[in-house]
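J.: Okay, sequence plus prediction incoming.
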Amino acid sequence: SKLSSLPTIEDKVRASGWRIGEGYIVGNKRSHVSWLAHKALVTSQALPDGATNICHEQLDRVSDEYFEAPRSVQLFTPPLFVIREHTSLPCAFWDKEMLAYTNETVGIACNDTQKDDLECFAKQFVDMRDKLSAYIQLTGSRSLTTRATPVYKKDIAMLPCPSGEAWKLAPWESEMLEDV
């Protein structure tokens, strides 16, 4: 199919020199990470199913200082585009303070000089989100093996990410995605 031959989000991130990864894991709390403690935290209430913006009033704060997998500070430093691992692909562009998120959210971060490019990518993602959501429901790793709504980071990274005219799908692909 045309969709599976398109460049992916992972390809875009790599070509742009951005960073992509899941958020922190508290787990066994092996690592002391003071820079992450008390930072603004995206929760499912702050980025609910279907959302395209973060509800500032619903942001929580990181209460832990010890983590199993804290990740790198660059993944939490704006500008960021965050996508919750859910089939409705709740997502938001963020360019304010450092923003923490757990391993159930994927973050794409870039340098300040690339802010406009990341914001443009975020807008295109939002514009295509219905099709991307349908695509992930059809192809996602968890769609056939477990609960219907969660998705893996690798499924998000492998979503099609064409530029410009490449989104012109074959008629049967458009019909299939509309039916999901």
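T.: Noted; the coordinates are in hand.

J.: Tell me the bridge partners for residue 109.
T.: The bridge-partner assignment for residue 109, based on DSSP bridges, gives residue 19, residue 80.

J.: burial measure for it, as a count.
T.: Around residue 109 there are 24 other residues, counting by other CB atoms under 10 Å. C-beta: built from backbone N, CA, C; applies to glycine.

J.: Verify the stated contact: it with residue 73.
T.: No. With contact defined as CB atoms under 8 Å, residue 109 does not reach residue 73; the gap is 9.8 Å.

J.: Centre-most residue in the protein?
T.: In the chain, the C-alpha nearest the mean C-alpha coordinate belongs to residue 83, at 2.5 Å (CA atoms, centre = their mean).

J.: For that one, give me the backbone phi and psi.
T.: phi -130, psi 120 (degrees, to the nearest 10).

J.: Ignoring the adjacent residues along the chain, who's closest to it?
T.: residue 91 (4.4 Å; CB to CB, 6 or more residues apart in numbering).

J.: State the phi and psi torsions of the one you found.
T.: phi -150, psi 160.

J.: same check, this time on the one 10 residues further on
T.: According to degrees, to the nearest 10, the main-chain angles of residue 101 amount to phi -150, psi 150.

J.: What mean pLDDT does stretch 107-116 get?
T.: Stretch 107-116 shows an average pLDDT of 98 in the prediction.

J.: hmm, who's touching it?
T.: 9, 13, 16-23, 74-83, 95, 101, 117-118, 121 (CB atoms under 8 Å, 6 or more residues apart in numbering).

J.: do stretch 83-90 as well
T.: 22, 42, 44, 47-52, 91, 104-108, 125, 129, 132-133, 136-137, 140, 143, 148-153, 156.

J.: Quick one: buried ones out of those residues?
T.: 22, 42, 47, 51-52, 91, 104-108, 125, 129, 132-133, 136-137, 140, 143, 150-151, 153, 156 (16 or more other CB atoms under 10 Å).

J.: So for the helix of greatest length in the chain, what gets flagged as buried?
T.: In the chain, taking DSSP state H as the definition, the longest helix is helix 115-139. Going by neighbour count (16+ other CB under 10 Å), the buried part of helix 115-139 is 118, 121-122, 124-126, 128-129, 131-137, 139.

J.: how many neighbours does the spatially closest residue to residue 54 that is not a sequence neighbour have?
T.: Leaving aside its sequence neighbours, residue 54 sits nearest to residue 92 (CB to CB, 6+ apart; 4.5 Å). By other CB under 10 Å, the residues close to residue 92 number 20.
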